[in-house]
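>>> Have a look at this fold, sequence not included:
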């Protein structure tokens, strides 16, 4: 019976892929907006569902959980020639609070705060705040809502960043604060938003990434049904780097998008369009640059049975560069995820990702000139050289989860990642195995 359901689900997913064709992507402002979509609840009144395992602090509903974990990583520094292995311990808490301030407004905050401890390389230990941490306040009005939000994260690890190689940690703080208005007169959906993003690294090694950005976003669509709509999206990103030699950049993207509830089990989202970027010169007398490219993507999720679900996504996008001397990163990413409930308390999840990208990199080449006969040689002349790296990054693995009790859950994960590059010294493989325990108090 289950095999029949699996065959039906895979067939439905393939059919939806062939029907939908092409799809989703983003640039900085659109990437930010899609991330905010996940943080904001659907526009509605402030009614709250009261659960039996939640704590009440007057009108505030709270949830609190703790977690501990251990991971072995055979290549923590993502190196081709000088691999370093280590065991990493982690622990922290997850906190959620919901306050229905009025009949038409609700305030929510959710965050995960933890500590990573490297047993052999303690200099890499540090604090992490999960990237889905957010404070949101939604105020409803007739046919629409106003959402105020602050989304924040602080991350240490640089692993599994496809554009990076030969490093362990990349400390970075990212805070995005803004507002969005959604209006739904009859069959129309109109959205407009503005946010200010502050990205900074506390490490002097990576302070070339320090920047602030302004994001503007608008979406206009026609709603054919509750979960089916199509329209246009446009976004504008204005980024200013804090280092004097990093210049600034501007990016404009525009294109159609569609969300389609094909069946009760299959949901498809597609978007695509053009993005136009310009990069100011890093120093006086140097030329600026321009980049025109397309973004596209597709995401299809399918749940053919209560015990099985899977989804596939393909995204092509252009982002700001993360390496020294890299103004931008162009990449295409394909991901497949599945989730299978084996018993009411045991489940198996799996994920496979393939990424292909290119980015400009900068290196310093030393040229030695010849001095006068009989005199000591002059110091070498250092000349910066820019070249393009092309890379492939792929991997993934399974996760087995066992719900030991209603509040205690354990999970075991294995993953393998491989990076291939046309630049010597930037090809590597990495294997990790992790064991995690989490406990929800309420």
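Now that the structure is in, tell me what you want to look at. It should be emphasised that the depicted structure is a prediction, and the values quoted were computed from it without experimental measurement.
>>> Which parts of the protein are helices?
Taking DSSP state H to define them, one finds helices in the chain at 2-20, 28-39.
>>> rank those by pLDDT, which is bottom?
When mean pLDDT is averaged over each of the helices of the chain, helix 2-20 scores lowest at a mean of 37.
>>> And residue 180, how far from residue 144?
Counting by C-beta to C-beta, to the nearest Å, the separation of residue 180 from residue 144 is 10 Å. Placement of C-beta: from N, CA and C, glycine included.
>>> the more surrounded of these two?
Set residue 180 next to residue 144 and count neighbours by other C-beta atoms under 10 Å: residue 180 wins out with 23 against 16.
>>> Hmm, the more buried one is touching residue 40, no?
Yes. Taking contacts as C-beta atoms under 8 Å, residue 180 lies within contact range of residue 40: 7.4 Å.
>>> Bridged to the closest residue to residue 192 other than its chain neighbours, which residues?
Excluding the flanking residues, the one nearest residue 192 by C-beta to C-beta, 6 or more residues apart in numbering is residue 218, at 4.8 Å. Note on residue 218: beta-bridge partners residue 192, residue 234, judged by DSSP bridges.
>>> What is the burial count for residue 87?
In terms of burial, residue 87 registers 13 neighbours under the definition other C-beta under 10 Å.
>>> how about it, what does it touch?
70-73, 118-120 (C-beta atoms under 8 Å, 6 or more residues apart in numbering).
>>> what's the answer for residue 125, then?
Taking C-beta under 8 Å, 6+ apart as the test, what residue 125 contacts is 115-118.
>>> now, which of those residues sits nearest residue 438?
Among these, residue 115 lies closest to residue 438 (C-beta to C-beta), at 15.1 Å.
>>> Pass me the low-pLDDT residue ranges in the stretch 101-250 of the chain, would you?
The stretch 101-250 of the chain contains residues with pLDDT under 70 at 158-160, 244-246.
>>> change it to 80
Scanning the stretch 101-250 of the chain for pLDDT under 80 picks out the ranges 103, 132, 158-160, 243-247.
>>> State the pLDDT value of the closest residue to residue 327 other than its chain neighbours.
The shortest distance from residue 327 to any non-neighbouring residue, by C-beta to C-beta, 6+ apart, is to residue 279 (4.8 Å). At residue 279, the model reports a pLDDT of 80.
>>> Surely residue 279 touches residue 291?
Yes. Proximity of residue 279 to residue 291 meets the contact threshold set by C-beta under 8 Å, at 7.4 Å.
>>> Those two - which one has more neighbours?
When neighbours are counted by other C-beta under 10 Å, residue 279 and residue 291 differ, and residue 279 comes out ahead with 21 against 15.
>>> so who does the more buried one touch?
Neighbour list for residue 279: 247-249, 288-291, 327-328 [criterion: C-beta under 8 Å, 6+ apart].
>>> got it, and residue 75?
Contact partners of residue 75, counting by C-beta under 8 Å, 6+ apart, are 83-85, 428-431.
>>> and if you look at residue 376?
Counting by C-beta under 8 Å, 6+ apart, residue 376 has no contacts.
>>> Check the one 10 residues further on too.
Listed by C-beta under 8 Å, 6+ apart, the contact set of residue 386 reads 325, 360-362.
>>> Thank you, goodbye.
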